[in-house]
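Student: mind folding the following:
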Amino acid sequence: MANNEELKLYNSMTQQKEVFKPQIPGKVSMYVCGVTSYDFSHLGHARAAVAFDILLRLYYNNDDVQIIRRANKLGEDPLTLSSRFCEEYLVDITELQCLVPTHQPRVTDHMEQIKDMITQRLENNRAGEPVAVDSRKHNPTDFALWKAAKPGDPSWESPWGPGRPGWHIECSAMSAHYLTFKFDIHGGGIDLIFPHHENEIGQSCAACEESSVSYWLHNGHVRNNNEKMSKSLGNFFTICQITEQYYRLALRHFLISAHYRSPLSYFVLQLEGASDTVFYIYHTLQYCEEALLPFQEESLKEGSGQNGNMVAIAADAQRCISRLREEFETKMSDDLNTSPLLAGAFQEALKLINSSLGMLISLCICTFIENRAVARKSHDFKKSGQIRTDLSAKGFALMDVGKETVWRPCIPVEKEEQATTVVEELMLLPQSASS
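Tutor: Purely as a prediction, here's the structure:
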């Protein structure tokens, strides 16, 4: 962290916060379980994607039974259906501004690695540990590494006959292939702790005694009517359904409004509140861009103004910046605690920016009004009209009240409406000025 804050993450394995130390200094390795790609991704998938994207930015999977059932219902080849919804998922997380992972492995592309791990697991099992490669278990705690083929289901040839891999072996094989058996972070939804991640640990350690994941991170559920939102319960909203009604960053804002390990309840009012907040942020940024536009013609460095003059940062602004940086470092270092960051110093910074911009905009408009008055006095009606037109285009209407000119916010005037401005300017002039 920039302020020498130590990043602490809650490790589900030890059930406590621990200082994060990568196995290889300066390099972070992370594997996050993906979606079961048999339908459009829902808000629960979005939450996992955003939660681990936050962690990724700080450092700058499949259950094939469900896929097969869905494919049979739609009369579609299971592999084609899975590939289609994988692509839809990538579209969704891109909409949510998630960074693209270094690798995006798919089970069907890693059958050889999966079979190799099963082989290694079986070879190492000769010490007498229980194992099952099909439904005939030797021990109630066994789970299938390879499932025998069924008529009509996708299958691959293997030393144990045609079939497909068990659910848990897939992530073990793919994570080991890309990150080795020892890596830093393994993430996923809280519902994957058992049986998926516990079984991953068992089979990975059986295949390689040195297998080790330093930190296990799990995000909480998104809930709808006090139930976990899931495809199997049919109580879910897809990401694309939400982004059709709300701006995509409003959804991202909603997803980080609670700590990533806490349950998050879905309410329309919360999404609308997030949408209003994101609009306020972008409105502030737009005002900044417009207010600073006159200064963008020259390349300005921090603390340097036009003509080489130094620009002092106001004391209240400096305090606001320092507090925002400190709060960001502190909260993000404390197990990615995003929720308090959306209030506190961040909101104070937005208020200060808007207050400062209000004064700056008022000062700039007064300058335009003075220039327009000089142009009118000189009978330069083209220039005075152009000033009025430019301000109208930016959302500021000028009104001549007696001998004074006042301004008020307005809806920006479209270009085709601006052609009559000079004529209006002439019509508004006193008779003595136009004669």
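
Student: worst-scoring helix or strand of this protein, pLDDT-wise?
Tutor: helix 431-434 (a mean of 41; mean pLDDT, DSSP states H and E).

Student: next one: Tyr31 from Gln347, what distance?
Tutor: According to Cβ to Cβ, to the nearest Å, Tyr31 stands 35 Å off from Gln347. Just so you know, the C-beta spots here come from the backbone N, C-alpha and C atoms, and that holds for glycine as well.

Student: oh sorry, the question was meant for Lys394
Tutor: For Lys394 relative to Gln347 (Cβ to Cβ), the value is 26 Å.

Student: tell me which of the two has more neighbours.
Tutor: Using other Cβ atoms under 10 Å as the criterion, Lys394 and Gln347 rank with Lys394 on top: 17 against 14.

Student: distance of Leu391 from Cys288?
Tutor: Distance from Leu391 to Cys288, by Cβ to Cβ: 18 Å.

Student: and those two? Which one has more around it.
Tutor: Between Leu391 and Cys288, counted using other Cβ under 10 Å, the more crowded position is Leu391 (21 against 15).

Student: which elements pack onto the host helix or strand of the more buried one?
Tutor: Taking DSSP states H and E as the criterion, Leu391 maps to helix 381-393. Secondary-structure packing of helix 381-393 (3 or more Cβ pairs under 8 Å, 6 or more residues apart in numbering; DSSP states H and E): helix 344-377, strand 396-401, helix 421-428.

Student: confirm Leu336 sits in a strand?
Tutor: No. Read with DSSP: H, G, I helix; E, B strand; the rest coil, Leu336 is coil and lies in no strand.

Student: can I assume it is in contact with Tyr260?
Tutor: Yes. With contact defined as Cβ atoms under 8 Å, Leu336 counts as touching Tyr260 (5.9 Å).

Student: returning to that earlier point: give me the angle between the helix holding Leu391 and strand 396-401.
Tutor: 130 degrees (axes from the mean of the first three to the mean of the last three Cα atoms, to 10 degrees).

Student: now find how far off-centre helix 381-393 is within its chain.
Tutor: The chain centroid and the centroid of helix 381-393 are separated by 42 Å under Cα atoms, centre = their mean, to the nearest Å.

Student: ditto for stretch 187-199
Tutor: Centre to centre, stretch against its chain (Cα atoms, centre = their mean), the figure for stretch 187-199 is 22 Å.

Student: pull the distance from stretch 250-266 to the chain's centre.
Tutor: Using Cα atoms, centre = their mean, the offset of stretch 250-266 from its chain centre is 11 Å.

Student: mind listing what's buried in it?
Tutor: 250-261, 264, 266 (16 or more other Cβ atoms under 10 Å).

Student: equivalent analysis for stretch 218-231, please.
Tutor: Under 16+ other Cβ under 10 Å, the buried positions of stretch 218-231 are 218-224, 228-231.

Student: over to stretch 265-277?
Tutor: Going by neighbour count (16+ other Cβ under 10 Å), the buried part of stretch 265-277 is 266, 271, 274-275, 277.

Student: including secondary structure, could the residues you listed go into a markdown table?
Tutor: Output for those, formatted as a markdown table (three-state DSSP):
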| residue | secondary structure |
| --- | --- |
| Tyr266 | coil |
| Leu271 | helix |
| Ala274 | helix |
| Ser275 | helix |
| Thr277 | helix |
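
Student: ok, those residues vs Thr36, which is closest?
Tutor: Tyr266 (19.9 Å; Cβ to Cβ).

Student: name the nearest residue to the closest one, sequence neighbours excluded.
Tutor: In space, and not counting its chain neighbours, Tyr266 is closest to Asn224: 5.0 Å by Cβ to Cβ, 6 or more residues apart in numbering.

Student: how much space between that neighbour and Ser265?
Tutor: Asn224 is 8 Å from Ser265, by Cβ to Cβ.

Student: quick check: which element contains Gly138?
Tutor: Careful, residue 138 is His; it's not Gly. His138 belongs to no helix or strand, assigned by DSSP H and E.

Student: what's the burial count for it?
Tutor: There are 10 residues near His138, going by other Cβ under 10 Å.

Student: kindly report the same for Lys73.
Tutor: 10.

Student: again with the one 3 residues further on
Tutor: When neighbours are counted by other Cβ under 10 Å, Glu76 registers 14.

Student: for the protein, just list every one of the helices.
Tutor: Along the chain, counting by DSSP state H, helices occupy 43-58, 64-74, 78-95, 111-124, 167-179, 198-207, 239-243, 248-255, 268-292, 315-333, 344-377, 381-393, 421-428, 431-434.

Student: among those helices, which is nearest Val19?
Tutor: helix 315-333 (9.5 Å).
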